[in-house]
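K.L.:
here are the coordinates; sequence isn't available:
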């Protein structure tokens, strides 16, 4: 059975070849990394072959030489989808995006394609991927068990899970910081917050969380297939390790759900504060209209040019008009203020 696991956000294969090949072998019970100058020099005893920067043609040829098969459509090669897992015949295919734990910026992500069967494990990388790089470092000099290829794959999946967890931590800290700035400030300080910009910044975070939750589900499904499918013939100790990893993935899924819920509440609160600001602006417009509408009406009446208007002949008409305008502006405000204090 062949497992194809792909972890990427950028194209896996480069345009110009500049391959670097590292082969892991088991010597004296431990993993050892060997720098390989060419494809022909890959040791037959390799348990993991890592190829950095291959072209598509080189990857296909290498896979064919090792008895493997690489078949990716254009969308898969450019990773226009979040990820994908499918089982077809004796092959399982998984597409998953890699993450940089230092940032949630898509431009910082790279990609890796992993191919596994009962005798071979090969990775094709477009650049330094944090998860796979961590797995490479963790295996160097580590003690090897009875199934080193599966152990290496488990290390790759575990590192991908840990990297996703770190990115979730970054997102959660960002959400908490923004929520603290929105809820823990005074009304005066909150009035200085650009709510529209905050809402615009929360949108990409929501999209990022969708990707992260999708990635957790993809890793979980791959682990479940490896754990339960009899074609992989996992030994008891390896099966137990995969079972523990599945439990960790459940916890990670719950954490991602919690972060998603908090972010959704922050988005709703931001929209609510925007509505409050708009209502406050409308209220001030209503107050201004209430103040100036009655005097304006009186001014319009006395501004008419009819011949018989008694007020025009009054000695105190001008003063009376000013007093009437003042009262018409202040009495409604006093009445509304009184109703606001004593009314329902």
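P.N.:
On my side now, so go ahead. Everything numeric here is computed off the predicted structure, so don't read it as measured data.

K.L.:
which stretches of this structure have low pLDDT?
P.N.:
For the chain, applying pLDDT under 70 flags the ranges 1-17, 71-83, 88-93, 95-110, 127-128, 185-191, 340-344.

K.L.:
and the helix ranked longest in the chain, what other elements does it pack with?
P.N.:
Longest helix in the chain, counting residues (DSSP state H): helix 236-302. In terms of contacts (3 or more CB pairs under 8 Å, 6 or more residues apart in numbering; DSSP states H and E), helix 236-302 is packed against helix 148-183, helix 195-228, helix 317-342. To be clear about C-beta, it is placed using only N, CA and C from the backbone, and glycine gets the same treatment.

K.L.:
okay if I get those helices as CSV plus mean neighbour count and distance to residue 124?
P.N.:
What follows is the helices and strands packed on helix 236-302, written out as CSV (neighbours: other CB atoms under 10 Å; distance: least, CB to CB, whole Å):
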stretch, mean neighbour count, distance to residue 124
helix 148-183, 19, 13
helix 195-228, 18, 17
helix 317-342, 12, 70
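
K.L.:
can you list the ones you listed in JSON lines and add distance to residue 306?
P.N.:
Formatted as JSON lines, the helices and strands packed on helix 236-302 follow (distance: least, CB to CB, whole Å):
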{"stretch": "helix 148-183", "distance to residue 306": "59"}
{"stretch": "helix 195-228", "distance to residue 306": "52"}
{"stretch": "helix 317-342", "distance to residue 306": "14"}
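
K.L.:
closest one to residue 273 among those helices?
P.N.:
helix 195-228 (5.6 Å; CB to CB).

K.L.:
which secondary structure elements does the closest one contact?
P.N.:
Secondary-structure packing of helix 195-228 (3+ CB pairs under 8 Å, 6+ apart): strand 2-7, strand 83-88, strand 91-96, helix 148-183, helix 236-302.

K.L.:
between it and helix 148-183, how many degrees?
P.N.:
Inter-element angle recorded for helix 195-228 and helix 148-183: 160 degrees (by axes from the mean of the first three to the mean of the last three CA atoms, to 10 degrees).

K.L.:
Residue 35: neighbour count?
P.N.:
Counted with other CB atoms under 10 Å, residues neighbouring residue 35 total 9.

K.L.:
Just confirm residue 307 is within a strand.
P.N.:
No: under DSSP: H, G, I helix; E, B strand; the rest coil, residue 307 sits outside any strand and is assigned coil.

K.L.:
Begin at 21, not 1, for the rest of this chat.
P.N.:
With the count now opening at 21, the last piece we talked about shows up as residue 327.

K.L.:
rewinding a little: tell me which of the helices and strands packed on helix 215-248 lies nearest to residue 155.
P.N.:
Nearest of the helices and strands packed on helix 215-248 (CB to CB): helix 168-203, 4.2 Å.

K.L.:
list the helices and strands that closest one packs on?
P.N.:
Checked by 3+ CB pairs under 8 Å, 6+ apart, helix 168-203 has strand 22-27, strand 68-72, strand 132-136, strand 141-145, helix 150-159, helix 215-248, helix 256-322 packed alongside it.

K.L.:
Which one of the ones you listed lies nearest to residue 56?
P.N.:
strand 68-72 (7.7 Å).

K.L.:
Can you add distance to residue 170 and give the helices and strands packed on helix 168-203 back as JSON lines?
P.N.:
Shown next, in JSON lines, are the helices and strands packed on helix 168-203 (distance: least, CB to CB, whole Å):
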{"stretch": "strand 22-27", "distance to residue 170": "10"}
{"stretch": "strand 68-72", "distance to residue 170": "11"}
{"stretch": "strand 132-136", "distance to residue 170": "8"}
{"stretch": "strand 141-145", "distance to residue 170": "8"}
{"stretch": "helix 150-159", "distance to residue 170": "12"}
{"stretch": "helix 215-248", "distance to residue 170": "8"}
{"stretch": "helix 256-322", "distance to residue 170": "5"}
